[in-house]
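K.L.:
task: produce atomic coordinates for the following.
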Amino acid sequence: MILRVLTVLFLAATIASAANDLLSRQGLASLGELWFAVHSGSLNLSQAVVQRYISPDLWDPTIIWFLGQPATIIFGLLALVFFIGAWLRSRNS
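P.N.:
Here you go, the predicted model:
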C-alpha cells in the first residue's frame, strides 16, 4: 500500500515538474532549483544536517550531483522504482 502511494506521489511530482518545464521555457529545471523554489529553508537545513552529522564529503560530490539532475527525470525514475517494487510485492503475495 505504501509503495503504491509513493508511486502516485512521485508520478504527480513528475507531471508537475514536466508542466513547470514546459511553461517556464527555460529548459529542464534541476531538482535543487525546484527544492530551493519550494522551500529553501529545508534545503539549507538538509545540507547542514548531512554535513554535520553524516559526512561533509557526502554533500559535495554526491548530493550536489543528484540535486543538479533534471527533476522530471529524477521524479520519474523514483516513481518507476516504487511502481516496480509494488508490482513485485503484489506478485509475490
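
K.L.:
what's the offset of the host helix or strand of residue 35 from the middle of its chain?
P.N.:
Remark: residue 35 resides in helix 31-49, with elements defined by DSSP states H and E. Between the centre of helix 31-49 and the centre of its chain there are 12 Å (Cα atoms, centre = their mean, to the nearest Å).

K.L.:
pLDDT averaged over that helix - what is it?
P.N.:
The predicted model gives helix 31-49 an average pLDDT of 94.

K.L.:
determine the set of other helices and strands touching that helix.
P.N.:
helix 64-67, helix 71-92 (3 or more Cβ pairs under 8 Å, 6 or more residues apart in numbering; DSSP states H and E). Placement of C-beta: from N, CA and C, glycine included.

K.L.:
verify the stated contact: residue 78 with residue 11.
P.N.:
No. Contact criterion Cβ atoms under 8 Å: residue 78 and residue 11 do not qualify, at 9.2 Å.

K.L.:
among the helices and strands of this protein, which has the poorest mean pLDDT?
P.N.:
None of the helices or strands of the chain scores lower by mean pLDDT, DSSP states H and E than helix 56-58, at a mean of 92.

K.L.:
that one packs against which elements?
P.N.:
Helix 56-58 packs on no helix or strand, going by 3+ Cβ pairs under 8 Å, 6+ apart.

K.L.:
for it, buried residues please.
P.N.:
Within helix 56-58, no residue is scored as buried using 16 or more other Cβ atoms under 10 Å.

K.L.:
many thanks, I have nothing further to ask.
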